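Undergrad: any chance you can model this:
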Amino acid sequence: SNEIKEQTIELIKKDLGQVDLVIYSLASPVRTNPNTGITHRSVLKPIGQKFTDKTVDFHTGIVSEISIEPCNEDDIQNTIAVMGGEDWQMWIDAMKKEDVLANNAMTIAYSYIGPEVTEPVYRKGTIGRAKDHLEKTAFNITDSLKDINGKAYVSVNKALVTQASSAIPVIPLYISLLYKTMKTEGIHEGCIEQMQRLFAERLYAGTPISVDENDRIRIDDWEMRTDIQAKVKQLWANATTQTLPEIGDLNGYKQDFLNLFGFGFQGVDYLKDVNELIFIPSID
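TA: Below is the predicted model of the structure:
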C-alpha cells in the first residue's frame with residue numbers, strides 16, 4: 001500500500017537518514033494495486049497445456065502424481081500484477097523521490113529459475129512470466145537511478161525450504177532429492193548460508209559483481225552444477241513412496257519447514273501453556 005511505503009520512508013528519515021541497500025523479496029497470493037484499487041490474485045499454473053508429474057506430501061511422505069490444468073491469459077496477467085516488478089518499481093520510485101536512497105545505492109530482488117523438471121509449473125508457467133517481468137524491471141530501475149549511480153539487480157537463488165516454495169507442486173520432491181545430493185557433496189546451503197554467500201562473495205566482495213548474460217546474479221550456481229542436476233534427474237526417475245526415505249532427504253525438508261514456524265526445536269516443550277500476550281514497553 002502507499003501508506004506502508006510512506007510510513008517506511010518516514011522511519012528511514014528518522015532513524016537512518018538514507019539507505020544504501022534495499023532487498024525486495026516477496027511471495028504473495030494477492031495484491032491490491034494502490035493506484036487502481038483492483039485486487040489481483042496469482043496462480044501457479046502451466047501455460048499452454050496440462051502438466052502432470054510426481055509430487056510428494058512431505059507431511060506423510062507419499063509420492064503421487066499430480067495434474068494441473070493450464071492457465072488462461074487473465075491468470076498470467078494477474079500473476080504478473082502480484083509477483084512481477086511493478087511494486088518493486090513503486091518502492092524505489094517513492095524512496096528516490098523522498099531522497100532516502102544514498103549515492104551508489106543498490107536494490108536486489110530475489111528470483112528463481114530451477115531445473116527442467118520444474119519448468120512447466122515454475123519458470124515456464126505463470127510464476128515464470130512474473131519473474132520475467134521482475135527481471136525486466138531491474139533494467140528500468142537501474143535507468144531511474146543513474147543520477148545517484150544506483151543499480152538494481154536480480155539475484156537468482158537456490159531452491160530453499162520456505163513457506164512459498166512448499167506450496168508449489170513438485171518443488172518439495174525436487175528439494176528433497178536436491179538436498180540429499182548437495183549434502184552428500186558438501187555444498188548444501190540453507191537460507192542464511194545462501195544469503196551470507198550472496199553478500200560476502202557477490203555484493204560486497206570488493207570486486208565487480210559477477211552476473212550472467214541477462215545481468216542476473218547467479219547464487220544458484222551450486223544447485224545448477226551439471227553433475228548435481230544429472231544426479232537429481234536420476235533420483236527423480238526412481239522416486240517413489242518406498243524409495244524416497246533412502247534416496248531423498250525428506251526428513252531434512254520436514255525439519256526445515258517446521259523450524260520456519262518455530263517448531264521442531266530440541267529443548268522446547270510445545271505442550272506447555274504460554275502467555276502470548278506480552279507487553280513490550282515503548283522505546284520512546
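
Undergrad: going forward, measure contacts between C-alpha atoms and count neighbours the same way
TA: Fine.

Undergrad: the longest strand seen in the chain pairs with which strands?
TA: Using DSSP state E to define each element, the chain has its longest strand at strand 101-111. Neighbouring strands of strand 101-111 in its sheet, by DSSP bridges, are strand 19-24 (parallel), strand 151-156 (parallel).

Undergrad: which of these sits most buried?
TA: strand 151-156 (a mean of 22; mean count of other Cα atoms under 10 Å).

Undergrad: give me the contacts around that strand.
TA: With contact meaning Cα atoms under 8 Å, 6 or more residues apart in numbering, strand 151-156 is reached by 104-113, 134-135, 138-139, 141-142, 145, 215-220.

Undergrad: ok so, going back, of the strands paired with strand 101-111, which approaches residue 92 most closely?
TA: Nearest to residue 92, of all those, is strand 19-24, at 8.5 Å by Cα to Cα.

Undergrad: partner strands of the following helix or strand past that closest one and their direction?
TA: Moving toward the C-terminus from strand 19-24, the next helix or strand (DSSP states H and E) is strand 30-32. Note on strand 30-32: by DSSP bridges, its sheet partners are strand 39-41 (antiparallel).

Undergrad: so where's the protein shaky on pLDDT?
TA: The chain contains residues with pLDDT under 70 at 284.

Undergrad: ok, residues contacting stretch 24-42?
TA: By Cα under 8 Å, 6+ apart, the residues outside stretch 24-42 that reach it are 1-2, 43, 75-76, 78-83, 88, 107-110, 127, 164.

Undergrad: for the closest residue to residue 72 other than its chain neighbours, what are its contacts?
TA: Using Cα to Cα, 6 or more residues apart in numbering and skipping residues adjacent in sequence, the residue nearest residue 72 is residue 47, 7.7 Å away. By Cα under 8 Å, 6+ apart, the residues touching residue 47 are 70-72, 120, 124-126.

Undergrad: show me the helices in the stretch 151-284 of the chain, by range?
TA: Secondary structure of the stretch 151-284 of the chain, counting by DSSP state H, counting those that start in this stretch: helices at 171-185, 191-198, 226-238, 244-247, 250-260.

Undergrad: distance from the last one to the middle of the chain?
TA: If you compare the mean C-alpha spot of helix 250-260 with that of the full chain, they lie 17 Å apart, counting by Cα atoms, centre = their mean, to the nearest Å.

Undergrad: flag every buried residue along stretch 248-259.
TA: 248-250, 253-254, 256-257 (16 or more other Cα atoms under 10 Å).

Undergrad: scratch that, stretch 193-212 is what I was asking about
TA: Across stretch 193-212, burial judged by 16+ other Cα under 10 Å covers 194, 198, 202-203.

Undergrad: one more: stretch 211-231?
TA: For stretch 211-231, the neighbour count (16+ other Cα under 10 Å) marks 215-220, 222-224, 229 as buried.

Undergrad: contact partners of that stretch?
TA: With contact meaning Cα under 8 Å, 6+ apart, stretch 211-231 is reached by 114-115, 153-159, 178, 181-182, 187, 194, 197-198, 202, 209-210.

Undergrad: tell me which helix or strand the nearest residue to residue 123 once chain neighbours are set aside sits in.
TA: Leaving aside its chain neighbours, residue 123 sits nearest to residue 113 (5.8 Å; criterion: Cα to Cα, 6+ apart). Using DSSP H and E, residue 113 maps to neither a helix nor a strand.

Undergrad: residue 113: what's it in contact with?
TA: 122-123, 128, 156-157.

Undergrad: which among these gets closest to residue 173?
TA: Looking at the contacts of residue 113 and their distance to residue 173, the nearest is residue 122, at 14.0 Å (Cα to Cα).

Undergrad: and the closest residue to the closest one other than its chain neighbours, what element?
TA: The shortest distance from residue 122 to any non-neighbouring residue, by Cα to Cα, 6+ apart, is to residue 128 (5.5 Å). According to DSSP H and E, residue 128 maps onto helix 126-144.
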